[in-house]
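quick one, structure for this:
(3 chains)
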Amino acid sequence: MTRYADMGQVAGDFYTENFAQTAQEGSLILNLGPQHPSTHGVLRVIVELDGEYVLRADPVLGYLHRMHEKMAEVKTAAQFIPNMGRVDYGHALAWNWAFVGAVEKLAGIEVPERAEYVRTITCELNRIASHLLWWGAYLLDLGAFTPIMYAFDDREKILDILQVPTGSRLTYSYFRIGGVAQDLNEDCFSRIKAFIPWMRSRLPMYKDLVSDNIILRKRIEGVGPIEPELCRRYGATGPVARGSGINFDVRRAEPYSVYPKLDFEIPTSPLMDARGRYDVRMIEIEQSLRIIEQCVEMMPEGDTLVKGAPKPSWKVPKGEAYFAVEGGRGKIGVHVVSDGGKNLYRTKLRAPGFSNLSLFAEVSRGTILADAVAILGSLDLIIPEIDR
Amino acid sequence: MPAELIRILIGLVAVALSVGLIGLVMVWVERKVAGHVQRRPGPYEVGPYGLLQPLADALKLVGKQLFMPDNADPILFWLAPVLSFLPVLLLFLPLPLGDGLYTMDINLGLLLILAFSGLAVLSLLLGGWASNNKYGLLGAARAVAQSVAYEIPLLLSVLAVAFVSGSLDLATVVKEQGTWPWNWNIMTQPLAFLIYIVSALGETNRAPFDLPEAESELTAGFHTEYSGMGFGLFFLAEYANMVVVCSVATVLFLGGWHGPVLPGPVWFVLKVSLLMLLLVFFRWTYPRVRFDQLLNINWKWLMPLAVANLMLTAFFVKLAQYAVVK
Amino acid sequence: MNSLDALLKGIPLDYLAACDYAKTGQTWQAFLPAGSLVKAAERLLAADWHLEDIAALDCFEGYVVTYHFAHFDQPGRATLRVVAPHDAPHVPSISAVFDGALWHERETRDFHGVIFDGHPNLIPLLLDPDMAECFPLRKDPKSRVKMREFLEAGEVLYQNPSFTFMTPDAPAVSQESGGTAATA
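Purely as a prediction, here's the structure:
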């Protein structure tokens, strides 16, 4: 337990002492987390408070660090795919895609058309599930206990749909190098077709009861303004950047798979505050539904795994490749370097949450503690992705 | 022993028993309503419809080990929950459940209630301070600011009713109202009713004004370090406070025990239950208000409105007196 | 046009190449001497590029610290690389230019032990402070590979003659073997 910084003795661990070295007179040093109901995982934020105002905030990472990048160097490429399901449990399929996409790019493997469509449908369903989880948890932070129950009700439907082809409910390792593990069957398609109008019928209710609620609006409007310049300096992407008016989505900027053929909008908000980020994510749910609808219409027949797909012991040819995917939180990047040996030489996982969280220290300066929590929630953090 | 004292003693015993019962019932109602609002069943395993669940919870709380953090002040730490619970018992005494059915015949009943409900904030402060925990401290500081602030519009709205009825005695206030809803004080004092309900939410730390125990920011605020019966007493005191506040609202605005056909006490219980249900619904529907917004609502909106209401009421009451005299 | 060679005009470079975006995901690649790094970062920030990530690659010749930059309004990815020798892995920090580098550089120090000079707070980010000197991603010297084996050579736009790491079959470099000065 730390004492007041001006009392000369600071009892705490390495990070608290390092933080307290530059603390002001008479301020209170408080640890939010690593066990805390609203830091979305095992995140610790050391804050220096003057009453209720945050003078300085410093996130401390590493509580969930499992060294995935080292695991990539001792496993073969195909064996590493389940790791990608665990990096970000919210949007696991996007990480699956980023990794297999990078390896396929390096090796020059072309994925069959049908597999691309299956990948798109499942990835977008996962994105809706991720946004619903964020929405429910964010409102729980702000003190509304009910929306998370409704969000999880919708999520159950998505998880049930995805359970059949992937075999998992949360940490998917469904993609393979050269396609996907299994095709979607008729039952899957009928469930997806039933799900889309169901979800569409829920969104107006969420808007009326929650998004337009005056108490919620007062909590998130004007909170945590992030200028586009800040996004550039920190490399923030995804709804954090789009909520500040930057029209950037990897699906349009670095098109991959069948996205160039699909008709969907990239929502942006000029508001720059937590409200802008909130609106962007809610509209993205609707746009994902549009994408899924179109993909279901346009699905061609064919294989879902390329002929002669690599076996688990396959060696990746020499070279390097970088592949980026639009995840629920932003631009997911995987850079693989291979020397032709049994394992990959280096795999760098670029997590969007890492860059998004790094701007928290600057944005939260001078805000009230309650607003700092609201800002943290609006960044949509999944700590396993940040720590890897 | 004078009859008065015996009457009070009987009343206290009855209140002490019923507060426990009310706590049990309220826990069940809260959890069932929460469940159904959130599209799930709520407790349904323990007893029929989960009716024995609160009993199981109470037994669990009573059976827990009572421990205290290392550097906490032992006297204040254990005094806080006791202090939160005991004054509440006194608050039930002047409330008229039926015609002549009140424990204490005191012509300043309203003042008694308002005075003793102010003690609640002291227990919050003690609990947060004595825990030797920064979260507790922040929670206690918030609780004090909130309670002190919301007492004022509460008082002013209640005073307006006292003007209309001409007395601070609760039995008299109820007598002045009639049997039917259009004879109740809510018709003459609708604004006061609204201000009272909002201030009551602020006083009892119920959502959307439950910042002192803001679970997601301060990990339970002033009662972070309490478990077992200490927590149980805080919990019970919160529900008992809710009942008191709803009862006072019923007495002042909703005609107390008046009502057609059914006997007085039944109507009283019905009206109080309705208001309690309303408060429970509020908790599970709305997000939490931020602390500075909470104080803003009070100082910038509730208090001026309450003062304006009081002035207007005083004006009309005086006018009516002159008209009668003439 | 926001191309890397136009942006880095006037800064001493070691190597600059246009790469095959479809094959490796990068549009340009540049190797910089340590002294040019901060200036190059400033030029990129002024042209509205954003920092994607910083990572190190343990090769035969040294730690290749790789900086990926992308742009919100135009397609393409620019890769800057700085080679830091194994025995003295010091690289200037760009955290004064791109604040996002504060955390990326801490992570690179954790994994490879590269010291970023000028970083205000180079303490462990992901690893425990007790394990700060562990450097898990450093390779066994026997298994280090020469960078030309797997890094994309691309279409060379400029090459400093004394920079031979990327040239295939490079003989031992002799300093007096001509070549123009570094500045273009």
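
residue ranges with poor pLDDT in the chain?
Just going to use chain A. Applying pLDDT under 70 to chain A flags residues A:1-11, A:37-39.

ah, I was thinking of chain C
Along chain C, the parts satisfying pLDDT under 70 run over C:1, C:168-184.

next one: C:Arg109 from A:Asp208, what distance?
50 Å (C-beta to C-beta, to the nearest Å). Placement of C-beta: from N, CA and C, glycine included.

show the backbone phi and psi for the residue in chain A that chain C sits nearest to.
Distances between chain A and chain C by C-beta to the nearest C-beta are smallest at A:Tyr322, namely 3.4 Å. Main-chain dihedrals, A:Tyr322, degrees, to the nearest 10: phi -120, psi 130.

contact partners for it?
By C-beta atoms under 8 Å, 6 or more residues apart in numbering or on different chains, the residues touching A:Tyr322 are A:102, A:333-335, C:24-26, C:68, C:77.

now swap in A:Val325 and tell me
Counting by C-beta under 8 Å, 6+ apart, A:Val325 makes contact with A:94-95, A:97-98, A:101, A:250, A:256, A:331-333.

now the residues you listed in JSON lines, with secondary structure and distance to A:Ile148?
Below are the contacts of A:Val325 laid out as JSON lines (DSSP: H, G, I helix; E, B strand; the rest coil; distance: C-beta to C-beta, whole Å):
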{"residue": "A:Ala94", "secondary structure": "helix", "distance to A:Ile148": "22"}
{"residue": "A:Trp95", "secondary structure": "helix", "distance to A:Ile148": "24"}
{"residue": "A:Trp97", "secondary structure": "helix", "distance to A:Ile148": "27"}
{"residue": "A:Ala98", "secondary structure": "helix", "distance to A:Ile148": "28"}
{"residue": "A:Gly101", "secondary structure": "helix", "distance to A:Ile148": "32"}
{"residue": "A:Val250", "secondary structure": "helix", "distance to A:Ile148": "28"}
{"residue": "A:Tyr256", "secondary structure": "coil", "distance to A:Ile148": "33"}
{"residue": "A:Lys331", "secondary structure": "strand", "distance to A:Ile148": "27"}
{"residue": "A:Ile332", "secondary structure": "strand", "distance to A:Ile148": "25"}
{"residue": "A:Gly333", "secondary structure": "strand", "distance to A:Ile148": "31"}
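
so which pair among these is furthest apart in space?
Taking every pair in the contacts of A:Val325 and measuring C-beta to C-beta, the maximum separation is 14.2 Å, between A:Trp95 and A:Tyr256.

which one's more surrounded, the two?
With neighbours defined as other C-beta atoms under 10 Å in any protein chain shown, A:Trp95 and A:Tyr256 compare such that A:Trp95 has more, 31 against 19.

neighbours of the residue nearest to the more buried one when sequence neighbours are not counted, just the number please.
Closest residue to A:Trp95 apart from its sequence neighbours, by C-beta to C-beta, 6 or more residues apart in numbering or on different chains: A:Met84 at 4.3 Å. Look at A:Met84: counted by other C-beta under 10 Å, it has 27 neighbours.

isn't A:Met84 right up against A:Ser173?
Yes: taking contacts as C-beta atoms under 8 Å, A:Met84 lies within contact range of A:Ser173: 6.7 Å.

common neighbours of those two, please.
Here A:Met84 and A:Ser173 share the contacting residues A:92, A:96, scored by C-beta under 8 Å, 6+ apart.

pretty sure C:Val65 is in a strand, no?
Yes: assessed by DSSP: H, G, I helix; E, B strand; the rest coil, C:Val65 belongs to a strand.
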